[in-house]
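[1] Let me see the structure of the following:
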Amino acid sequence: MGKKLFIAEKPSVAQEFAKVLKLGGRRGDGFIESEDAIVTWCVGHLVTMSYPEVYDPAYAKWAFETLPFVPEQFLYEVIPNVKKQFETVRGLLTRPDVESIYVCTDSGREGEYIYRLVDQMAKVPADKKKYRVWIDSQTEDEIQRGIREAKPLSEYDNLSASAYLRAKEDYLMGINFSRALSLKYGGWLNDSVESKKWTSVSVGRVMTCVLGMVVTREWEMRKFVKTPFYRVIGSFAPKEDGIADGANVSMDMFDGEWKVSEDSRYFQSPKLYKENGFKDEETAKELIQSLTSSTSGKEAVIEKIEKKKEKKNPPLLFNLAELQNLSSKLFKISPDETLQIVQELYEKKLVTYPRTDARVLSSAVAKEITKNLKGLQGYEMALPYLRDIAERKSFLGLEKTRYVDDKKITDHYAIIPTGQGLGAIKSLQPTAEKMYEVIVRRFLSIFYPPAEYQKVNVVLTMGNPVQEHIYTERFFTSAKVLVEDGFLPVSQYSFTKKKKEMTSTDKDSEEGEESVTNAEALRKILPHLKKGMQVQVGDMNIKEGETSPPKRYNSGSMILAMENAGQLIEDEELRAMIKGSGIGTSATRAEILKKLVNISYLDLNKKTQIITPTLKGELVCGIVRYSIPAMLSPKLTASWEKGLGGVSEGDISEKEYMDKLTGFVRLQVGKVKETNNMSQLRSYYNMAKEYYSGKKTKKETK
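    Numbers count the residues shown, from 1 in each chain. Predicted structure coming up:
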């Protein structure tokens, strides 16, 4: 009987497989072997795509004559600094006594690609049996399940095809567009930024789109002109004679905001700023004067009272993007740092696979969720909540909730604690320990009921006599009072100290306190307010405001915008409804952002995590904008990613996708060759340069 060979992506993962398989045999150089099994590993990528000059030395020189570069057959080569491990793996894959191969690389497109390249370069004999091990955590039970349920590798051929196409796409766009734009505009770029060392115009399918998003936001901010507006706020209280005898009620005033309505004097007036303000302060004063100068100016009438209960569900579970977004706010760390930390938690068996886009669980996991809950009993923070969950038996029927949906899972389910490896918590750095708490709290929250609020809306009317006509002006007030806290206590992080930081994972606790002054006043008098009741009017004031410019992206909001194809959607319910792929993948987004910072196209403030473009980044964006504008379109970039998903699912053929890709590359390179946009670029540069010169002057003055 032949041996089984298990090949992992990293040495640390291979060690876990060796422990589970109980391999007590000899340790070789780059592998562990027993009588019936061998475990070996890659060290990330062992094989890569060859540069153009490998095809022909003539391609070493960048020239328009050699573009577009679209080879009929792509060449690959072993990465020089890992050649030794490749030879070890190749030798094991082709050993005569190895009968079956178990592919245990990371369960996703990139992990699939890593092994397939090795298999291709090693020329593994066709008679070897090949199986794919697909796991969601590195716990012993999960590894055993993955091996036990391993499927023939051929079932993942579509995933492999999409992985190859993704690499070819990045390769063709990167090489062709970077060379073409560098040949045409590279000299101008280097002169413009006064670069001491010549650098090329670096272009990529995803990174150029992200750069464009940041630069576009920056230009929106610079062009923004603040617009002042003026709101009218009145204060109101029930009249004493309108309250039932014996009622001991504080006469606290509550505020109401004027808004235009159809029978208002200002309905459809050009003086309005939106529905609740005026463009000029004089108009606001005019309204107050008109209301308070009449005999009825000291009274208002309650026209409508609406009371309704609102529920806020616990948020969906974490995917990587959601965790990266929250970590940028809580810990002020970059998406790349978040990925490193959660990867460490994964390798220590504390959490499930981190590179996931899903925010729900599979039905299979939901049926065995008590294993995760029981395992967390050794985690002190979770213990009181676990007892509560056990008493409520709220773990029953989890598969029927919105937190479980097989249709919303592609490769992996959401990031949750495994309930294992708790001994490793003591070895974690402080930020990693806090991140683990955040993940645990988000997980425990789904076993709790929604938070419930009592929302009250009150509409008051006042007569506005103008000459012989009496208009009706309306004031609106509302309050939101927390009635049942539901999941909110679970989501209060123990590591926050300031009250303003004591926030739930989706800001629900803040929402409960935002209008507490008005809420307290309304809560006291609410039982005594009735439709048609007259109330006394206190002071009327003008509150000046101004429009706000668009906000810069921070590292977390950028990841969310990438996930949602360029749309920065803060509301988690809306994000959950968006279908289709975003820009990049959960596994690559952090690396893309990091690369843009490393090549000095973007600046990332480590303290605030705010992202801004550099002058060089802006000029590169300008070059692309006037040459290959399609590269800046989030929707188009997302459509490429969605197409790769179609290949993975077997809906789109490999040839169909490749034909579209090569056609796009040829068309865009042709356009670059034929057009010259120096006049637009010079104008673009002058505007950008003026901003950065002013920025520099301010710095010097300080």
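
[2] show me what contacts Thr472?
    Residues in contact with Thr472, defined by C-beta atoms under 8 Å, 6 or more residues apart in numbering, are Ser261, Asp263, Ser264, Thr461, Met462, Gly463, Asn464. For glycine as for every other residue, the C-beta is placed from the backbone atoms N, C-alpha and C.

[3] Could you identify the buried members of these?
    Ser261, Ser264, Thr461, Met462, Gly463, Asn464 (16 or more other C-beta atoms under 10 Å).

[4] Okay, and which of the residues you listed map to strands?
    Among these, the residues falling in strands (DSSP state E) are Thr461, Met462, Gly463, Asn464.

[5] Just give me the closest of the residues you listed to Asp651.
    Nearest to Asp651 out of these is Thr461 (C-beta to C-beta; 58.4 Å).

[6] Could you measure from the closest one over to Ile525?
    Separation of Thr461 from Ile525 (C-beta to C-beta, to the nearest Å): 18 Å.

[7] go on, Ala414?
    Taking C-beta to C-beta, one finds Ala414 at 45 Å from Ile525.

[8] do the same with Lys129
    77 Å.

[9] Which residue of these two possesses the greater neighbour count?
    The neighbour comparison of Lys129 against Ile525 (other C-beta atoms under 10 Å) goes to Ile525, with 20 against 13.

[10] Confirm the more buried one sits in a strand?
    No: Ile525 is assigned helix when assessed by DSSP: H, G, I helix; E, B strand; the rest coil, not a strand.

[11] wait, it sits on Asp252?
    Yes: applying C-beta atoms under 8 Å, one finds Ile525 in contact with Asp252, separated by 7.1 Å.

[12] Need the residues touching each of the two.
    Ala237.

[13] report the longest helix in this structure, please.
    helix 157-192 (DSSP state H).

[14] what's the following helix or strand after that helix?
    Later in the chain than helix 157-192, the nearest helix or strand by DSSP states H and E is helix 207-223.

[15] And that following helix, what's buried?
    Buried, per 16+ other C-beta under 10 Å, within helix 207-223: 207-219.

[16] now stretch 540-552
    Met540, Arg552.

[17] Report the rounded mean pLDDT for that stretch.
    Across stretch 540-552, pLDDT averages out at 94.

[18] Contacts for that stretch next, please.
    Counting by C-beta under 8 Å, 6+ apart, 217-218, 220-221, 224, 226-235, 277, 281, 284-285, 288, 291-292, 557, 610-612 sit against stretch 540-552.

[19] Can I get the helix or strand where Lys660 lies in PDB, CA atoms only?
    Applying DSSP H and E as the criterion places Lys660 in helix 654-674. Taking Å, rounded to 0.1, in the frame of the first residue of the first chain, the C-alpha atoms of helix 654-674 are listed here in PDB:
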ATOM      1  CA  GLU A 654     -12.000  30.000 -19.300                       C
ATOM      2  CA  LYS A 655     -11.700  30.800 -23.000                       C
ATOM      3  CA  GLU A 656     -14.600  33.300 -22.900                       C
ATOM      4  CA  TYR A 657     -13.000  35.200 -20.000                       C
ATOM      5  CA  MET A 658      -9.500  35.100 -21.600                       C
ATOM      6  CA  ASP A 659     -10.800  36.400 -24.900                       C
ATOM      7  CA  LYS A 660     -12.400  39.300 -23.200                       C
ATOM      8  CA  LEU A 661      -9.300  40.000 -21.200                       C
ATOM      9  CA  THR A 662      -6.900  40.000 -24.100                       C
ATOM     10  CA  GLY A 663      -9.300  42.100 -26.200                       C
ATOM     11  CA  PHE A 664      -9.400  44.700 -23.400                       C
ATOM     12  CA  VAL A 665      -5.600  44.800 -23.100                       C
ATOM     13  CA  ARG A 666      -5.000  45.200 -26.900                       C
ATOM     14  CA  LEU A 667      -7.700  47.900 -27.200                       C
ATOM     15  CA  GLN A 668      -6.300  50.000 -24.300                       C
ATOM     16  CA  VAL A 669      -2.700  49.800 -25.300                       C
ATOM     17  CA  GLY A 670      -3.700  50.800 -28.800                       C
ATOM     18  CA  LYS A 671      -5.400  53.900 -27.400                       C
ATOM     19  CA  VAL A 672      -2.300  54.900 -25.400                       C
ATOM     20  CA  LYS A 673      -0.100  54.600 -28.500                       C
ATOM     21  CA  GLU A 674      -2.500  56.700 -30.700                       C
END
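
[20] what packs against that helix?
    helix 157-192, helix 634-648 (3 or more C-beta pairs under 8 Å, 6 or more residues apart in numbering; DSSP states H and E).

[21] just to revisit the earlier point, want to throw the ones in strands among the buried ones among the contacts of Thr472 into JSON lines with distance to Ile101?
    As requested, those are exported to JSON lines (distance: C-beta to C-beta, whole Å):
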{"residue": "Thr461", "distance to Ile101": "79"}
{"residue": "Met462", "distance to Ile101": "81"}
{"residue": "Gly463", "distance to Ile101": "85"}
{"residue": "Asn464", "distance to Ile101": "83"}
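
[22] Now the longest helix of the chain: buried residues?
    By neighbour count with 16+ other C-beta under 10 Å, helix 157-192 contains the buried residues 158-186, 188-190, 192.

[23] pretty sure Asn564 contacts Gly584?
    No: Asn564 is beyond contact range of Gly584, at 11.7 Å (criterion: C-beta under 8 Å).

[24] which one of those two has more residues nearby?
    Set side by side, Asn564 and Gly584 show more neighbours around Gly584, with 24 against 19, by other C-beta under 10 Å.

[25] And the more buried one, how far from Pro354?
    Distance from Gly584 to Pro354, by C-beta to C-beta: 15 Å.

[26] Quickly find the element holding Val39.
    Using DSSP H and E, Val39 maps to strand 37-41.

[27] Partner strands of that strand, with direction?
    Strand pairing for strand 37-41, determined by DSSP bridges: strand 3-8 (parallel), strand 31-33 (antiparallel).

[28] what distance separates that strand from the centre of its chain?
    36 Å (C-alpha atoms, centre = their mean, to the nearest Å).

[29] any residues touching it, and which ones?
    Outside strand 37-41, the residues that touch it by C-beta under 8 Å, 6+ apart are 3-11, 13-14, 17-18, 21, 23, 30-33, 85, 88-89, 92, 98.

[30] on that earlier part again, just the buried ones from the contacts of stretch 540-552?
    Buried, going by 16+ other C-beta under 10 Å: 217-218, 229-235, 277, 284, 288, 291, 557, 610-612, out of the contacts of stretch 540-552.
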